[in-house]
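> Model the following, please.
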Amino acid sequence: MASDDRAQITEVLDRYAEALDLRRWEVLESVFAPEIAFDSGEWVVRGRPEVIAQIRTYLDGCGPTQHLLGNYRVELDGDRARSRVYVRAFHACKDRSDPRVYEMGGEYADEFRRTPAGWRSVKRSLRVLFEVGTREVLGMSAAPR
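Here you go, the predicted structure:
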């Protein structure tokens, strides 16, 4: 059972990355609980619609992205769990003729709760470990770091 739970939580984390890269915002309803609290280190947002809107301020003005996750660590405690996963997020300009890029490496830490619909993140934090390139790639809607 524990290995099934770990696999399900890993699938939720992967679903997040894919939703961002495909800009399928509705998929984030199967990642975050309605009461999600997300602390990026530069902003804190509560509530699923507000979190999705905040994420979109970074990606709506951006071109193609690729969010790669790895080194999954999951700790289970009944119907609760914690995870830590590395992220490497690559962002290209919306204008494909512009060679500028932005890349970020960091770590997501999540607290999960089992719901009738499956595991959902109720709390997420992001720790940025490095940034390369320019945040201008993210578009005018992203605040500078």
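> ok, then the element right after the lengthiest helix in the chain?
What stands out as the longest helix in the chain, according to DSSP state H, is helix 2-22. Once the chain leaves helix 2-22, the next helix or strand it forms, by DSSP states H and E, is strand 32-39.
> Could you pull up the mean pLDDT of that following strand?
Summarised as a single mean, pLDDT over strand 32-39 is 98.
> how many other residues sit next to the residue nearest to A117 when sequence neighbours are not counted?
With sequence-adjacent residues excluded and distances taken as CB to CB, 6 or more residues apart in numbering, A117 is closest to S30, at 7.2 Å. (C-beta placed from N, C-alpha, C; glycine too.) For S30, the neighbour count with other CB atoms under 10 Å is 15.
> Could you pull up the contacting residues of S30?
Listed by CB atoms under 8 Å, 6 or more residues apart in numbering, the contact partners of S30 are V12, R15, A117, G118, R120.
> surely the fourth one meets V12?
What that stands for is G118. Yes. If you go by CB atoms under 8 Å, G118 and V12 touch, sitting 7.3 Å apart.
> quick one: which of those two has more around it?
V12 (20 against 13).
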